[in-house]
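**Q** let's see this in three dimensions:
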Amino acid sequence: MKTSSIFKTSLVALVASSALLAGQLYAVDDTDTTAKTEQMDKKGDRQQRPRDGMHKMLRQLDLTDAQKEQVKVIAEKYKADRPERPTKEQRAAHRAEMLALVTSASFDEAKATEMAEAQHQKRLQGMLSQLKMQNEIYQILTPEQQQVFQEEFAKGKGKGHKSRR
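**A** Below you'll find the model as predicted:
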């Protein structure tokens with residue numbers, strides 16, 4: 001049960017940090033961002049909301065052109081380090097593996113633990129990468145912008161996330 005609790009806690013932390021970081025890729029060009037946001041709304045893209053959080057935060061900071069360029073460079077650096085998304089076939093194989101685990105006559109706890117730890121490790125690495133990127137972006141802000149960032153971050157805590165209870 002301890003592994004399950006750690007996994008759930010890590011997953012919640014990853015989701016929270018994703019909501020703050022994912023959108024900064026769109027923060028550089030406001031006109032391009034508006035078009036992309038409208039496009040994503042039309043497509044019904046589920047990932048639009050988390051991206052909008054960081055984008056909104058950076059817009060409120062009134063970044064200079066130099067800061068916008070630095071944010072773009074930082075985002076590109078971390079984008080290059082991001083692992084490839086699994087292919088349709090890889091996702092199907094993973095689902096089949098999970099189904100086999102669930103439907104087998106006897107539960108293979110070692111295999112289940114191995115799968116959970118592999119997922120946890122992927123999410124942990126992604127979260128660490130996002131937090132590093134956020135820290136680098138924060139470091140380019142002026143003291144006044146850092147203060148606004150901290151206030152907005154504190155205000156946004158818990159917003160947009162429904163309780164599961």
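
**Q** where does the chain have its least confident helix or strand?
**A** helix 30-43 (a mean of 48; mean pLDDT, DSSP states H and E).

**Q** show me where the chain has its helices.
**A** Secondary structure of the chain (DSSP state H): helices located at 2-21, 30-43, 48-60, 65-81, 88-103, 109-139, 143-156.

**Q** so Asp81 makes contact with Ser129?
**A** Yes - the criterion here is Cβ atoms under 8 Å, and Asp81 meets it with Ser129 at 6.3 Å. Heads up, the C-betas are built off the backbone N, CA and C, glycines and all.

**Q** between these two, who's got more neighbours?
**A** Ser129 (17 against 11; other Cβ atoms under 10 Å).

**Q** my guess is the more buried one contacts Arg82. True?
**A** Yes - contact criterion Cβ under 8 Å: Ser129 and Arg82 qualify, at 7.1 Å.

**Q** so where is the chain shaky, pLDDT-wise?
**A** Within the chain, the set of residues satisfying pLDDT under 70 comprises 1-53, 157-165.

**Q** now with 90, please.
**A** For the chain, residues meeting the criterion pLDDT under 90 lie at 1-63, 75-86, 107-108, 115, 118-119, 122-123, 125-127, 129-131, 133-134, 148-165.

**Q** check contacts around Lys111.
**A** Applying Cβ atoms under 8 Å, 6 or more residues apart in numbering, one finds that Lys111 lies in contact with Leu101.

**Q** distance of the spatially closest residue to Pro83 that is not a sequence neighbour from Thr64?
**A** Nearest residue to Pro83, sequence neighbours excluded (Cβ to Cβ, 6 or more residues apart in numbering): Lys122, at 7.6 Å. Using Cβ to Cβ, to the nearest Å, Lys122 is found at 36 Å from Thr64.

**Q** and if you look at Met98?
**A** 48 Å.

**Q** can you pull the contacts of Gln60?
**A** Per Cβ under 8 Å, 6+ apart, neighbours of Gln60: Val148, Glu152.

**Q** any idea how far Gln121 is from it?
**A** Here the distance between Gln60 and Gln121 works out to 34 Å (Cβ to Cβ).

**Q** cool, and Ala93?
**A** For Ala93 relative to Gln121 (Cβ to Cβ), the value is 18 Å.

**Q** now Val71
**A** Where Gln121 is concerned, Val71 sits at a distance of 28 Å (Cβ to Cβ).

**Q** quick one: which of those two has more around it?
**A** Val71 (22 against 11).

**Q** pretty sure that one sits against Gln139.
**A** No - contact criterion Cβ under 8 Å: Val71 and Gln139 do not qualify, at 11.2 Å.
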